[in-house]
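Undergrad: the following block contains a protein sequence and its predicted model.
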Amino acid sequence: MKQHTQYLSVAALAVAANLCTVAEDAPKGTWETSAGANLGLTSGNSETFTAGLNIISLRKWSKNELSFTADVNYGENTTKSIAAGPPPTLVETKSTTTQNYGAGLQYNRLVWEDRGYFLGKVDGRQDKIAGVDYRFSLNPGVGYYFLKDKTYELSGEFGPGFVLEELKGRSSESYVTLRAGEKFKWNISDHARLFQDAEYLPRVEDFGDYVLNASVKLEADLSKHMAMNITVRDTFRSRPADFAPGIARKKNDVQLTAGISYKF
(Lines give C-alpha, C1' and ligand atoms only; values in the text may rest on other atoms or scores of the structure.)
Protein backbone atom coordinates (compact mmCIF):
# COMPACT_ATOMS: atom_id res chain seq x y z
CA MET A 1 0.00 0.00 0.00
CA LYS A 2 1.28 3.43 -0.83
CA GLN A 3 1.74 5.28 2.43
CA HIS A 4 1.70 8.73 0.82
CA THR A 5 -1.75 8.03 -0.61
CA GLN A 6 -3.06 7.21 2.86
CA TYR A 7 -1.51 10.34 4.39
CA LEU A 8 -2.91 12.51 1.60
CA SER A 9 -6.42 11.12 2.13
CA VAL A 10 -6.26 11.66 5.90
CA ALA A 11 -5.05 15.21 5.31
CA ALA A 12 -7.88 15.86 2.86
CA LEU A 13 -10.44 14.81 5.45
CA ALA A 14 -8.80 17.04 8.06
CA VAL A 15 -8.88 20.02 5.69
CA ALA A 16 -12.55 19.35 4.92
CA ALA A 17 -13.38 19.33 8.63
CA ASN A 18 -11.55 22.64 9.13
CA LEU A 19 -13.39 24.23 6.20
CA CYS A 20 -16.69 23.21 7.75
CA THR A 21 -15.79 25.12 10.94
CA VAL A 22 -14.41 28.20 9.19
CA ALA A 23 -17.43 28.51 6.84
CA GLU A 24 -20.04 27.99 9.56
CA ASP A 25 -21.62 31.42 8.96
CA ALA A 26 -21.25 31.53 5.16
CA PRO A 27 -24.39 32.80 3.38
CA LYS A 28 -26.55 30.19 1.68
CA GLY A 29 -26.61 30.29 -2.11
CA THR A 30 -29.24 29.36 -4.66
CA TRP A 31 -27.99 25.80 -4.84
CA GLU A 32 -28.15 23.38 -1.90
CA THR A 33 -24.93 21.39 -2.18
CA SER A 34 -23.36 18.67 -0.06
CA ALA A 35 -19.78 17.45 -0.66
CA GLY A 36 -18.67 14.35 1.24
CA ALA A 37 -15.69 12.08 1.80
CA ASN A 38 -15.14 8.69 3.40
CA LEU A 39 -11.99 6.80 4.32
CA GLY A 40 -11.18 3.35 5.70
CA LEU A 41 -7.85 1.81 6.76
CA THR A 42 -6.80 -1.48 8.33
CA SER A 43 -3.33 -2.91 8.98
CA GLY A 44 -1.75 -6.16 10.09
CA ASN A 45 -1.57 -9.44 8.19
CA SER A 46 -3.92 -7.87 5.68
CA GLU A 47 -3.94 -4.16 4.86
CA THR A 48 -6.89 -2.43 3.26
CA PHE A 49 -7.42 1.10 2.04
CA THR A 50 -10.72 2.54 0.83
CA ALA A 51 -11.62 6.12 -0.04
CA GLY A 52 -14.49 7.92 -1.70
CA LEU A 53 -15.68 11.38 -2.66
CA ASN A 54 -19.19 12.48 -3.60
CA ILE A 55 -21.20 15.61 -4.31
CA ILE A 56 -24.97 16.17 -4.34
CA SER A 57 -26.44 19.46 -5.52
CA LEU A 58 -30.09 20.52 -5.72
CA ARG A 59 -31.81 23.67 -6.91
CA LYS A 60 -35.55 24.41 -6.77
CA TRP A 61 -37.17 27.51 -8.26
CA SER A 62 -40.70 28.28 -9.39
CA LYS A 63 -41.91 24.97 -10.86
CA ASN A 64 -38.46 23.57 -11.59
CA GLU A 65 -36.20 21.07 -9.79
CA LEU A 66 -32.64 20.36 -10.92
CA SER A 67 -30.33 17.85 -9.21
CA PHE A 68 -26.75 16.77 -9.85
CA THR A 69 -24.81 13.89 -8.28
CA ALA A 70 -21.27 12.56 -8.74
CA ASP A 71 -19.11 10.09 -6.86
CA VAL A 72 -15.79 8.25 -7.08
CA ASN A 73 -14.73 5.23 -4.99
CA TYR A 74 -11.45 3.35 -4.80
CA GLY A 75 -10.15 0.52 -2.61
CA GLU A 76 -7.18 -1.85 -2.52
CA ASN A 77 -6.09 -4.79 -0.41
CA THR A 78 -2.56 -5.93 0.43
CA THR A 79 -1.88 -9.41 1.81
CA LYS A 80 1.45 -10.71 3.11
CA SER A 81 2.80 -14.26 3.00
CA ILE A 82 6.11 -16.07 3.43
CA ALA A 83 7.53 -17.77 0.36
CA ALA A 84 9.53 -20.95 1.04
CA GLY A 85 13.30 -20.49 0.91
CA PRO A 86 16.02 -20.78 1.25
CA PRO A 87 15.98 -18.09 2.37
CA PRO A 88 12.28 -17.44 3.22
CA THR A 89 11.09 -14.16 1.73
CA LEU A 90 8.15 -11.89 2.47
CA VAL A 91 5.75 -11.57 -0.45
CA GLU A 92 3.17 -8.81 -0.73
CA THR A 93 0.20 -9.21 -3.05
CA LYS A 94 -1.86 -6.16 -3.95
CA SER A 95 -5.30 -6.18 -5.51
CA THR A 96 -7.86 -3.52 -6.33
CA THR A 97 -11.15 -4.19 -4.56
CA THR A 98 -13.16 -1.11 -5.56
CA GLN A 99 -12.85 1.19 -8.56
CA ASN A 100 -15.97 2.95 -9.76
CA TYR A 101 -17.18 6.43 -10.52
CA GLY A 102 -20.17 8.11 -12.09
CA ALA A 103 -22.37 11.19 -12.39
CA GLY A 104 -26.02 11.97 -12.98
CA LEU A 105 -28.27 14.93 -13.79
CA GLN A 106 -32.08 15.12 -13.46
CA TYR A 107 -34.53 17.91 -14.28
CA ASN A 108 -38.16 17.95 -13.13
CA ARG A 109 -40.88 20.32 -14.38
CA LEU A 110 -43.74 20.43 -11.87
CA VAL A 111 -47.36 20.24 -13.05
CA TRP A 112 -50.68 19.04 -11.60
CA GLU A 113 -50.72 21.22 -8.48
CA ASP A 114 -46.96 20.68 -8.01
CA ARG A 115 -47.48 16.97 -7.32
CA GLY A 116 -46.85 15.58 -10.77
CA TYR A 117 -43.87 16.36 -12.97
CA PHE A 118 -42.23 15.66 -16.30
CA LEU A 119 -38.59 14.59 -16.00
CA GLY A 120 -35.40 14.16 -17.96
CA LYS A 121 -32.57 12.10 -16.46
CA VAL A 122 -29.10 11.30 -17.79
CA ASP A 123 -26.28 9.45 -16.06
CA GLY A 124 -23.01 7.66 -16.77
CA ARG A 125 -20.96 5.15 -14.81
CA GLN A 126 -17.86 2.97 -14.94
CA ASP A 127 -17.08 0.05 -12.62
CA LYS A 128 -13.82 -1.76 -13.34
CA ILE A 129 -14.36 -4.52 -10.76
CA ALA A 130 -17.84 -5.34 -12.07
CA GLY A 131 -16.53 -5.29 -15.65
CA VAL A 132 -18.53 -2.23 -16.72
CA ASP A 133 -16.25 -0.24 -19.05
CA TYR A 134 -18.98 2.38 -19.40
CA ARG A 135 -22.74 2.73 -19.18
CA PHE A 136 -24.67 5.84 -20.27
CA SER A 137 -28.42 6.11 -19.96
CA LEU A 138 -30.99 8.70 -21.00
CA ASN A 139 -34.44 8.56 -19.38
CA PRO A 140 -37.38 10.89 -20.02
CA GLY A 141 -40.56 10.20 -18.08
CA VAL A 142 -43.22 11.32 -15.64
CA GLY A 143 -43.29 11.36 -11.86
CA TYR A 144 -45.66 12.03 -8.99
CA TYR A 145 -45.19 13.06 -5.34
CA PHE A 146 -47.45 10.79 -3.27
CA LEU A 147 -46.18 12.51 -0.11
CA LYS A 148 -44.79 16.01 0.01
CA ASP A 149 -44.58 17.83 3.33
CA LYS A 150 -42.01 18.94 5.89
CA THR A 151 -41.58 15.41 7.26
CA TYR A 152 -41.98 13.04 4.31
CA GLU A 153 -41.39 13.05 0.57
CA LEU A 154 -42.30 9.99 -1.53
CA SER A 155 -42.32 10.03 -5.31
CA GLY A 156 -42.66 7.47 -8.09
CA GLU A 157 -41.26 7.75 -11.63
CA PHE A 158 -41.83 5.88 -14.88
CA GLY A 159 -40.74 6.22 -18.49
CA PRO A 160 -38.73 4.82 -21.41
CA GLY A 161 -34.95 4.89 -21.63
CA PHE A 162 -31.98 4.49 -23.93
CA VAL A 163 -28.73 2.81 -22.83
CA LEU A 164 -25.28 2.78 -24.41
CA GLU A 165 -22.84 0.46 -22.67
CA GLU A 166 -19.80 -1.77 -22.99
CA LEU A 167 -19.13 -4.70 -20.67
CA LYS A 168 -15.99 -6.80 -20.37
CA GLY A 169 -16.12 -9.68 -22.80
CA ARG A 170 -18.76 -8.01 -24.95
CA SER A 171 -18.79 -5.42 -27.69
CA SER A 172 -20.38 -1.99 -27.26
CA GLU A 173 -24.16 -2.04 -27.65
CA SER A 174 -27.18 0.25 -27.36
CA TYR A 175 -30.76 -0.69 -26.56
CA VAL A 176 -34.12 0.62 -25.30
CA THR A 177 -35.18 0.13 -21.70
CA LEU A 178 -38.02 0.99 -19.36
CA ARG A 179 -37.41 2.71 -16.04
CA ALA A 180 -39.53 2.48 -12.90
CA GLY A 181 -38.17 4.27 -9.84
CA GLU A 182 -39.09 5.68 -6.45
CA LYS A 183 -37.51 8.12 -3.98
CA PHE A 184 -38.22 8.59 -0.29
CA LYS A 185 -37.03 11.18 2.22
CA TRP A 186 -37.84 11.24 5.94
CA ASN A 187 -36.89 14.21 8.08
CA ILE A 188 -36.58 12.26 11.32
CA SER A 189 -35.85 15.45 13.27
CA ASP A 190 -34.37 18.89 12.68
CA HIS A 191 -30.91 17.29 12.67
CA ALA A 192 -31.39 13.80 11.18
CA ARG A 193 -32.66 12.53 7.83
CA LEU A 194 -33.17 9.24 5.99
CA PHE A 195 -32.92 8.98 2.19
CA GLN A 196 -33.90 5.94 0.13
CA ASP A 197 -34.23 5.33 -3.61
CA ALA A 198 -34.55 2.45 -6.05
CA GLU A 199 -34.90 2.00 -9.80
CA TYR A 200 -35.59 -0.97 -12.07
CA LEU A 201 -34.35 -0.85 -15.69
CA PRO A 202 -35.26 -3.87 -17.86
CA ARG A 203 -34.31 -4.19 -21.53
CA VAL A 204 -37.47 -3.88 -23.61
CA GLU A 205 -36.61 -6.75 -25.98
CA ASP A 206 -35.63 -9.08 -23.11
CA PHE A 207 -37.05 -8.45 -19.61
CA GLY A 208 -34.69 -11.10 -18.22
CA ASP A 209 -31.83 -8.64 -18.80
CA TYR A 210 -32.18 -5.84 -16.26
CA VAL A 211 -30.36 -3.62 -13.76
CA LEU A 212 -31.67 -2.83 -10.29
CA ASN A 213 -30.13 0.05 -8.31
CA ALA A 214 -30.99 0.92 -4.71
CA SER A 215 -29.52 2.96 -1.87
CA VAL A 216 -30.25 3.98 1.72
CA LYS A 217 -28.52 6.86 3.51
CA LEU A 218 -28.83 7.96 7.14
CA GLU A 219 -27.52 11.48 7.81
CA ALA A 220 -27.09 13.35 11.11
CA ASP A 221 -25.92 16.94 11.56
CA LEU A 222 -22.76 17.68 13.50
CA SER A 223 -23.10 21.44 12.99
CA LYS A 224 -24.94 23.86 10.71
CA HIS A 225 -22.83 22.89 7.70
CA MET A 226 -21.28 19.55 8.65
CA ALA A 227 -22.93 16.12 8.87
CA MET A 228 -21.97 12.48 9.24
CA ASN A 229 -23.62 9.76 7.18
CA ILE A 230 -23.83 6.02 6.60
CA THR A 231 -24.77 4.82 3.13
CA VAL A 232 -25.59 1.39 1.66
CA ARG A 233 -25.68 1.06 -2.13
CA ASP A 234 -26.72 -2.06 -4.03
CA THR A 235 -26.45 -2.74 -7.78
CA PHE A 236 -27.91 -5.97 -9.14
CA ARG A 237 -27.25 -6.93 -12.76
CA SER A 238 -29.18 -9.99 -13.90
CA ARG A 239 -26.53 -10.73 -16.54
CA PRO A 240 -23.11 -9.51 -15.36
CA ALA A 241 -20.10 -8.97 -17.57
CA ASP A 242 -18.64 -12.17 -19.00
CA PHE A 243 -16.23 -14.18 -16.89
CA ALA A 244 -12.54 -13.45 -17.26
CA PRO A 245 -9.65 -15.81 -16.42
CA GLY A 246 -9.47 -16.09 -12.65
CA ILE A 247 -12.51 -13.82 -12.15
CA ALA A 248 -16.02 -14.98 -11.31
CA ARG A 249 -18.25 -11.93 -11.46
CA LYS A 250 -21.35 -11.96 -9.27
CA LYS A 251 -24.69 -10.41 -10.09
CA ASN A 252 -24.87 -8.32 -6.93
CA ASP A 253 -22.54 -5.55 -5.71
CA VAL A 254 -23.13 -4.03 -2.26
CA GLN A 255 -21.16 -1.08 -0.91
CA LEU A 256 -21.26 0.26 2.66
CA THR A 257 -19.60 3.60 3.42
CA ALA A 258 -19.47 6.00 6.35
CA GLY A 259 -18.10 9.52 6.15
CA ILE A 260 -18.61 13.24 6.64
CA SER A 261 -20.16 15.85 4.37
CA TYR A 262 -20.09 19.63 4.14
CA LYS A 263 -23.27 21.49 3.16
CA PHE A 264 -23.16 24.89 1.50
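TA: Received, thanks.
Undergrad: which parts of the stretch 51-200 of the chain are strands?
TA: Per DSSP state E, counting those that start in this stretch, the stretch 51-200 of the chain carries strands over the ranges 64-83, 89-111, 116-127, 132-148, 152-167, 173-189, 192-203.
Undergrad: since we're on residue 203, how many residues are nearby?
TA: 18 (other Cβ atoms under 10 Å). For every residue, glycine as well, the C-beta is placed using N, CA and C.
Undergrad: how about it, nearest residue that isn't a chain neighbour?
TA: Of all residues not flanking residue 203 in the chain, residue 209 sits nearest, at 4.4 Å (Cβ to Cβ, 6 or more residues apart in numbering).
Undergrad: can you tell me the element the one you found falls in?
TA: Assigning secondary structure by DSSP states H and E places residue 209 in strand 206-221.
Undergrad: what's the following helix or strand after that strand?
TA: strand 226-237.
Undergrad: buried residues, that next one. List them.
TA: For strand 226-237, the neighbour count (16 or more other Cβ atoms under 10 Å) marks 226-227, 229, 231, 233, 235-237 as buried.
Undergrad: now stretch 127-137
TA: So for stretch 127-137, counting by 16+ other Cβ under 10 Å, buried means 127, 129-132, 135, 137.
Undergrad: distance from the centroid: which residue in the chain tops it?
TA: Farthest-out residue of the chain from its mean C-alpha position, per Cα atoms, centre = their mean: residue 86, at 48.1 Å.
Undergrad: give me the pLDDT for it.
TA: For residue 86, the pLDDT comes out at 73.
Undergrad: ok, now residue 23?
TA: Reported pLDDT at residue 23 in the predicted model: 41.
Undergrad: coming back round to it: got TSV for the buried residues of strand 226-237, with pLDDT and distance to residue 254 too?
TA: Below are the buried residues of strand 226-237 laid out as TSV (pLDDT from 0 to 100; distance: Cβ to Cβ, whole Å):
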residue	pLDDT	distance to residue 254
226	93	27
227	94	23
229	92	17
231	92	11
233	91	7
235	92	8
236	94	9
237	90	13
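Undergrad: and stretch 180-195, how far from the chain's centre?
TA: 16 Å (Cα atoms, centre = their mean, to the nearest Å).
Undergrad: so for it, mean pLDDT?
TA: Averaging pLDDT along stretch 180-195 yields 96.
Undergrad: contacts for that stretch?
TA: Residues from elsewhere that reach stretch 180-195 (Cβ atoms under 8 Å, 6 or more residues apart in numbering): 150-158, 196-200, 215-221.
Undergrad: which of those count as buried?
TA: 153, 155, 157-158, 196-197, 199-200, 217-219, 221.
Undergrad: could you work out the most separated pair of those?
TA: Farthest-apart pair in those is 158 and 221; separation 33.7 Å (Cβ to Cβ).
Undergrad: quick one: low-confidence ranges for the stretch 151-264 of the chain?
TA: 243-248 (pLDDT under 70).
Undergrad: can you do 80?
TA: 169, 242-249 (pLDDT under 80).
Undergrad: list the contacts of residue 220.
TA: Residue 220 neighbours (Cβ under 8 Å, 6+ apart): 191-193, 227-229.
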